[in-house]
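In: need a 3D model of the following:
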Amino acid sequence: MKIENAQFRVDGGIHPVYNKHLAKDNAIQAMPLPSLLRVSMSQHLGAPAKPVVAKGDTVLRGQIIGEPAGFISAAVHAPTSGTVKAIVQAPTATGQSVAAVEIEPDCEDKWRDDIKGNPNWESLEVKELIDLVSDAGVAGMGGAGFPTHVKLSPPPNKTIDTLIINGAECEPYLTADNRLMIEQAENIWTGCRIIMKILGAQTVRVAIEDNKPEAIEAMEMAMASTEGNVAIVKLKTEYPQGAEKQQIFAITGKEVPSAGLPMDVGAVVENVGTTLAVWDAVVNGKPLTERVTSVTGTPVSKPGNIRNRIGTSYGDLIEFCGGTEGDTAKIISGGPMMGFAQSSLEVTTTKTTSGLLLLPPKLVTNYSSTPCISCGRCVDGCPMYLMPCELSQMIEAEDYSAAREINLMDCIECGCCAFQCPAHRPLVQHMRQGKGQVMIMMREEKEKEAEKTKD
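Out: As a prediction, the model looks like this:
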């Protein structure tokens, strides 16, 4: 095992004020059960899970309450034991209204009886390991929430030679992954070894930004006796170092093709939180029912990294952190660059809730957008080599076909363009709008092609 610096540098990117000092030194705290948990069926990328319980049912922790509703979907489990109070339509952090299961805890927190660990996981077949990950409902915990069992099942023609464990956590303010590496390095490394076996990867890199020396030291100790092509890669602190395509290039020099996936260049990237969940699913046999969320920002009385049950309301999280001091102008689910502003504290945590950020009035300014001044700063900042200024104007003109032709779908919605824009144009919102319309176009094209095939 060795420690090395990244060999390549991605063009673009920005250097925002990180403000990680608010919570980075605060050890993970376990939050007591709230009086009500509202568990969304949209916990992951793809089709929401389908509720399989009804009002009045008694459930145990780890029991399936939502079954996968498609290939790109994941199981959802009860975060504690108790009674199903209702099946409701509830908003997600992105504003969608989806089915959610309300559970009133019985305070016994009893696991279902058939939970069984696999301490000798090395003897299990690859399919058995993937099934354990799938049964546990593990999904990407770094943001997108892609179902992990799907990510760990590449097509036979896609050989994975490089596994990257993403510990960059480049979003300002957020520190949950940093604390996980400091406090759970051994278990993260075991999770990594499980993923190595599943994928057959021979090269492993644990990627950590150089502003996290304690995490680097903890992972180094956990990996010290490991032989083979294994290393910790120190990345320069720069946003968005945590984006998987940028991380792959920084570490391997390989560029994921337009509209392609990491597996197209023989790589898979897994977040450290996801890797820890894989360990828990395989070694302990436990479904994903909780996660660590950074609750931070200057208005928070006691910023921290909180282990909370999935389905905990944002209001309960803030209350556990001592409430607020002074005025709060904006509440964001996630980080300031890629998070979503919230209008209600009744929204609840999911597998992807990495942070809850409160901002004071002095950090929230309501600028008026003006026409593009063609300064090119958004182009300089874009890590995907796109032309955000051109794309934005095409989308405003509803010329989605033209935007598609200049690679709109490659946008990762990182926010670098909007951060740089002196005209304060809503560039990220334009990109999301445009991508949504292009996806509709692509779906209609597939349907027309299917009709032609029938004829």
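In: all strands for the stretch 51-200 of the chain, in order.
Out: 58-59, 64-67, 76-77, 82-91, 97-105, 162-166 (DSSP state E, counting those that start in this stretch).
In: what residues sit buried inside the longest helix along the chain?
Out: Longest helix of the chain, by residue count under DSSP state H: helix 427-454. Across helix 427-454, burial judged by 16 or more other Cβ atoms under 10 Å covers 427-428, 430-431, 433-435, 437-438. No exception for glycine: its C-beta is placed from N, CA and C like everyone else's.
In: and among the strands of the stretch 51-200 of the chain, the most buried is which?
Out: Of all the strands of the stretch 51-200 of the chain, strand 76-77 carries the top mean neighbour count, a mean of 29, counting by mean count of other Cβ atoms under 10 Å.
In: can you spell out which helices and strands pack onto that one?
Out: strand 64-67 (3 or more Cβ pairs under 8 Å, 6 or more residues apart in numbering; DSSP states H and E).
In: partner strands of the strand it packs on and their direction?
Out: Sheet neighbours of strand 64-67, with direction, are listed as strand 50-51 (antiparallel), strand 76-77 (antiparallel) (DSSP bridges).
In: where does pLDDT dip in this structure?
Out: The chain contains residues with pLDDT under 70 at 455.
In: contacting residues for the residue nearest the centre of it?
Out: Centroid-nearest residue in the chain: G143, 1.8 Å away (criterion: Cα atoms, centre = their mean). Neighbour list for G143: 271, 334, 338, 352, 354 [criterion: Cβ atoms under 8 Å, 6 or more residues apart in numbering].
In: could you rerun that using 10 Å?
Out: Contacts for G143 (Cβ atoms under 10 Å, 6 or more residues apart in numbering) come out as 45, 171, 242-244, 271, 334-335, 338-339, 352-354, 413.
In: repeat that for S301.
Out: Here S301 is in contact with 318-319, 321-326 (Cβ under 10 Å, 6+ apart).
In: got those residues as CSV, with neighbour count, secondary structure and distance to V282 columns?
Out: Below are these laid out as CSV (neighbours: other Cβ atoms under 10 Å; DSSP: H, G, I helix; E, B strand; the rest coil; distance: Cβ to Cβ, whole Å):
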residue, neighbour count, secondary structure, distance to V282
I318, 22, helix, 34
E319, 15, helix, 34
C321, 23, coil, 32
G322, 13, coil, 36
G323, 12, coil, 39
T324, 17, strand, 40
E325, 12, coil, 42
G326, 11, coil, 45
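In: ok, which pair from those is furthest apart?
Out: Greatest spatial distance among these (Cβ to Cβ): E319 and G326, at 16.2 Å.
In: how many other residues sit next to the residue nearest to C416 when sequence neighbours are not counted?
Out: Residue nearest to C416 in three dimensions, not counting chain neighbours: G381, with 4.0 Å by Cβ to Cβ, 6 or more residues apart in numbering. By the criterion of other Cβ atoms under 10 Å, G381 has 21 neighbours.
In: enumerate every residue touching G381.
Out: G381 sits next to 11-14, 239, 388, 414-421 when contact means Cβ under 10 Å, 6+ apart.
In: please redo it, this time with the cut-off set to 8 Å
Out: G381 sits next to 12-14, 416-417, 419-420 when contact means Cβ under 8 Å, 6+ apart.
In: need phi/psi at the nearest residue to G191 once chain neighbours are set aside.
Out: Nearest non-adjacent residue to G191, counting by Cβ to Cβ, 6+ apart: W279, 3.4 Å away. With angles defined as degrees, to the nearest 10, W279 sits at phi -60, psi -50.
In: W279 is in contact with N187, isn't it?
Out: Yes: using Cβ atoms under 8 Å, W279 is in contact with N187, at 4.8 Å.
In: neighbour count winner among these two?
Out: W279 (22 against 18).
In: so who does that one touch?
Out: Contact analysis of W279 by Cβ under 8 Å, 6+ apart lists 187-188, 190-191, 194.
In: quick one: which of those residues is nearest S294?
Out: Closest to S294, out of all of those and judged by Cβ to Cβ, is I188, at 17.3 Å.
In: contacts only, for that closest one.
Out: Counting by Cβ under 8 Å, 6+ apart, I188 makes contact with 165, 180-181, 219, 222, 272, 275-276, 279.
In: now, which of the contacts of S301 sits nearest A402?
Out: I318 (43.9 Å).
In: could you redo the contacts of G143 as CSV and give each row neighbour count and secondary structure?
Out: Shown next, in CSV, are the contacts of G143 (neighbours: other Cβ atoms under 10 Å; DSSP: H, G, I helix; E, B strand; the rest coil):
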residue, neighbour count, secondary structure
L45, 17, coil
E171, 28, coil
G242, 25, coil
A243, 26, coil
E244, 25, helix
N271, 25, strand
G334, 24, coil
G335, 23, coil
M338, 20, coil
G339, 23, coil
T352, 25, coil
T353, 27, coil
S354, 26, coil
E413, 18, coil
